[in-house]
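Peer 1: Give the three-dimensional model of this entry:
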Amino acid sequence: MPTYNAVTVHFDPLVTDGQALRAELGRLAAVAPPAFGKLRTIEIPVSYGGASGPDLGVVAEFAKCSEAEVVRLLTETRYRVYMLGFLPGFAYMGSVDRRIAMPRLDTPRMRVAAGSVGIASEQTGIYPCDTPGGWRIIGRTSAKVFDAARAEPFLLKAGDHVKFVAA
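Peer 2: Numbering: from 1, shown residues only. Alright, predicted model coming up:
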């Protein structure tokens with residue numbers, strides 16, 4: 001299982017040959033990692049500020065710039081999807097421009113709406129469903145990053161690039 005910066009290998013110690021597993025992991029670690037295949041860039045429309053992005057003004061104050069400048073910094077960058085986690089379809093993406101890389105809230109909100117786009121330090125992400133959360137909410141998208149009814153439920157995959165587009 002890949003994570004943000006490591007890989008976890010699950011095995012049954014009662015039926016696995018430990019020496020063979022160790023040798024295979026050593027062999028795999030010595031070769032170049034596989035390519036992600038064809039890299040995709042997915043454009044995500046986002047409505048920034050107001051009720052859709054209640055923390056946009058706070059992020060602008062933190063960065064000592066206008067809300068429009070925060071949106072410009074967000075939309076001029078392509079973000080790499082590093083991993084999915086926390087919730088089904090929640091993509092950890094980066095890196096956000098350091099000027100707007102505001103830390104998480106001290107106290108998480110009890111409810112963040114599905115489609116909310118947030119910032120937490122140098123990461124950005126899209127909440128796939130209504131849930132508690134502590135990221136700074138700067139906008140909202142109508143894109144469904146997780147839909148269990150779709151043939152491929154996850155819109156984003158590790159290695160993808162995301163380009164936010166002001167809606």
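
Peer 1: quick one: contacts of the helix or strand of the chain with the lowest mean pLDDT?
Peer 2: Scoring the helices and strands of the chain by mean pLDDT, DSSP states H and E places helix 18-30 at the bottom, with a mean of 88. For helix 18-30, the surrounding residues in contact (C-beta atoms under 8 Å, 6 or more residues apart in numbering) are 9, 11. Bear in mind the C-beta positions are built from the backbone N, C-alpha and C, glycine included.

Peer 1: In the chain, what residue spans correspond to helices?
Peer 2: 18-30, 56-63, 67-75 (DSSP state H).

Peer 1: Any chance of CSV for those, columns distance to residue 83?
Peer 2: Below are these laid out as CSV (distance: least, C-beta to C-beta, whole Å):
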stretch, distance to residue 83
helix 18-30, 19
helix 56-63, 24
helix 67-75, 20
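
Peer 1: how about those helices, which one is nearest residue 8?
Peer 2: helix 18-30 (11.6 Å; C-beta to C-beta).

Peer 1: Just the strands from the protein, written as ranges.
Peer 2: 41-48, 78-84, 91-94, 109-112, 116-120, 123-126, 131-133, 136-140, 161-166 (DSSP state E).
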